[in-house]
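Trainee: fold the following, please.
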Amino acid sequence: MHGAIIFGLLALAELAFQTIEQLATKFGHESNYYWAILVVLAMTLIYQIPEWSSYIVLAFAVMLTRGLLSGLLQLFKTRGKGLVSN
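Mentor: Reported below is the predicted structural model:
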C-alpha cells in the first residue's frame, strides 16, 4: 500500500514538473518564473489555510525527490556514454 502511495505522489510530482516546463516552453519564458509563482501560491495558501502546510511541504519534498532521482539517472546515463571522465 505504501509503495502505491509513494508511486502516486512521484507521478503527481512528475506531472506538475512537466506541466510547468511545457508551459514555459510554450510561452517562450524561463521556467524559473513559473516555479517562483508556484512558491508564492504555496506561501499564500499556507498563510490563508495553516492546516495545509504539512501537505504543501510534502508536495515540495516529493518534487525535490523527483528532481534528485532524475538528476542521478541522467548522471549515470552520461557516465555510461563516456561524457564524464575520471
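Trainee: can you name every helix or strand that the helix or strand that Val39 is a member of contacts?
Mentor: Per DSSP states H and E: Val39 is located in helix 31-48. Contacts defined by 3 or more Cβ pairs under 8 Å, 6 or more residues apart in numbering; DSSP states H and E place helix 31-48 against helix 2-27, helix 53-81. C-beta: built from backbone N, CA, C; applies to glycine.
Trainee: could you check the angle it makes with helix 53-81?
Mentor: For helix 31-48 against helix 53-81, the angle by axes from the mean of the first three to the mean of the last three Cα atoms, to 10 degrees is 160 degrees.
Trainee: what is the neighbour count of the residue nearest to Tyr33 when sequence neighbours are not counted?
Mentor: Leaving aside its sequence neighbours, Tyr33 sits nearest to Ala24 (Cβ to Cβ, 6 or more residues apart in numbering; 7.5 Å). Ala24: 16 surrounding residues under other Cβ atoms under 10 Å.
Trainee: what residue lies at the spatial centre of the protein?
Mentor: Met63 (3.2 Å; Cα atoms, centre = their mean).
Trainee: who are the contact partners of that one?
Mentor: Shown in contact with Met63 (Cβ atoms under 8 Å, 6 or more residues apart in numbering): Ala13, Ala16, Phe17.
Trainee: from the residues you listed, pick the one nearest Leu58.
Mentor: Ala13 (10.3 Å; Cβ to Cβ).
Trainee: picking up where we left off before, now render the helices and strands packed on helix 31-48 as JSON lines, adding mean pLDDT and distance to Ala36.
Mentor: Below are the helices and strands packed on helix 31-48 laid out as JSON lines (pLDDT from 0 to 100; distance: least, Cβ to Cβ, whole Å):
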{"stretch": "helix 2-27", "mean pLDDT": "89", "distance to Ala36": "11"}
{"stretch": "helix 53-81", "mean pLDDT": "88", "distance to Ala36": "13"}
